[in-house]
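> pasting the sequence and the predicted coordinates here, then a few questions.
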Amino acid sequence: MTKRFDPKVLFICLVFMALSSGKSYSVSVDEDGVPIAIQGYDPVAYHTEYHATKGYSSECYKYKDMMWYFCSTANKELFVKDPGRYMPAYNGYCAHCMSFKGFKKLSDPNVWTIEDERLFLFSAEYKKETWGNNAKKNIEKGDKHWESIN
């Protein structure tokens, strides 16, 4: 008796491997059920300290139905005075996915760039690199997609 190869088993195994590999991000919420923006990272720190910095729940501000965390009172005050300057493009969703596909995908706050004083986050380093090859054009495409879905 010979054993037959079952393509369904292979498919199930491949799906399981794909779903279990890589990073997975989910939206966290505070104790009141308000979504926490960019996984609790400080949006101002990207501009002032030039690196991704985790914020504190004690230094938070609710804006556009999301809770924004900050690593200092000074950063929180800067954001409150001018949120548009510090808000990440596409509310922090992956800029590559918005530019190329026009959909919202959660990003990795540690994969980012600033172009024309705007913060762009990405779900993976390779997406940042691909997007960066023609950033100006991709910003235009992403902005159009974002406008059409919001």
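Everything's here; your move. Numbering: from 1, shown residues only.
> A45 reaches T53, doesn't it?
Yes - using Cβ atoms under 8 Å, A45 is in contact with T53, at 3.8 Å. All C-beta atoms are positioned from the backbone trio N, CA, C, and that covers glycine.
> mutual contacts of the two, please.
Shared contacts of A45 and T53, defined by Cβ atoms under 8 Å, 6 or more residues apart in numbering, comprise C71.
> got the domain boundaries for the protein?
For the chain, automatic domain parsing gives the domain ranges 32-83, 88-150.
> tabulate those domains (JSON lines), appending mean neighbour count.
Formatted as JSON lines, those follow (neighbours: other Cβ atoms under 10 Å):
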{"stretch": "domain 32-83", "mean neighbour count": "17"}
{"stretch": "domain 88-150", "mean neighbour count": "18"}
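> present these as JSON lines; the columns should include mean pLDDT.
As requested, these are arranged in JSON lines below (pLDDT from 0 to 100):
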{"stretch": "domain 32-83", "mean pLDDT": "95"}
{"stretch": "domain 88-150", "mean pLDDT": "96"}
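> wait, is L78 part of a helix?
Yes - the assignment for L78 by DSSP: H, G, I helix; E, B strand; the rest coil puts it in a helix.
> in space, what's closest to it - neighbours in sequence excluded?
V44 (5.1 Å; Cβ to Cβ, 6 or more residues apart in numbering).
> pretty sure the one you found contacts F79?
Yes - taking Cβ under 8 Å as the definition, V44 is a contact partner of F79 at 5.3 Å.
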